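K.L.:
coords below, sequence missing:
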């Protein structure tokens, strides 16, 4: 029989806390059960496997940033609204270690589906054909998750790396990075500028 003092909401809250403390690799049923003071099999009454747990964590992460979903206002450009939606998604992922990994590994997240539904229907409502609306939304969402995956990845070990040789071999890459990151310009600006390139020409 399930532990009546244990419910899915409490399990997920502890799983998110475990994620924040140890990252996704540290989220195991054994460690989660220990935090909850129960035995691992007890969890399976509420969360049948690790995949279901990851999806539940994804839902909780997204819910924090998207407690409600609202379409663009009548006078709001859909491009600006969609960029704002992506910025909220990025904030949701960055709020937790491995947030992007959690979302990318989650299966059938209802909140992510609701975000996609809202975005696609908003674009269709502005006269964009369904196929094109889906491609735009899919590109924006996958770019956002990929961007944050890179942001949250462990930094490479640069000890012994020959930056001078790299700059000589790839001068345009270095020039582009140097030119872009003028004083005051941040990775937040880079994210928004990339999104504007994605949706600006549509």
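P.N.:
Thanks, I have the structure now. All values reported here derive from a predicted model rather than from experimental measurement.
K.L.:
Who are the contact partners of the residue nearest to residue 187 when sequence neighbours are not counted?
P.N.:
Leaving aside its sequence neighbours, residue 187 sits nearest to residue 151 (C-beta to C-beta, 6 or more residues apart in numbering; 7.1 Å). Heads up, the C-betas are built off the backbone N, CA and C, glycines and all. By C-beta atoms under 8 Å, 6 or more residues apart in numbering, the contact set of residue 151 is 94, 100, 187.
K.L.:
Residue 151: helix or strand, and which one exactly?
P.N.:
Using DSSP states H and E, residue 151 falls within helix 130-152.
K.L.:
mind listing what's buried in that helix?
P.N.:
133-134, 136-137, 140-141, 143-145, 147-149, 152 (16 or more other C-beta atoms under 10 Å).
K.L.:
the helices in the chain, which residues?
P.N.:
8-22, 29-36, 40-43, 50-65, 78-94, 99-105, 110-125, 130-152, 163-169, 171-180, 187-200 (DSSP state H).
K.L.:
could you dump these to a markdown table with distance to residue 72 and mean pLDDT?
P.N.:
Output for those, formatted as a markdown table (distance: least, C-beta to C-beta, whole Å; pLDDT from 0 to 100):
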| stretch | distance to residue 72 | mean pLDDT |
| --- | --- | --- |
| helix 8-22 | 30 | 94 |
| helix 29-36 | 39 | 90 |
| helix 40-43 | 41 | 82 |
| helix 50-65 | 17 | 94 |
| helix 78-94 | 4 | 97 |
| helix 99-105 | 23 | 96 |
| helix 110-125 | 6 | 97 |
| helix 130-152 | 13 | 97 |
| helix 163-169 | 43 | 93 |
| helix 171-180 | 29 | 95 |
| helix 187-200 | 13 | 94 |
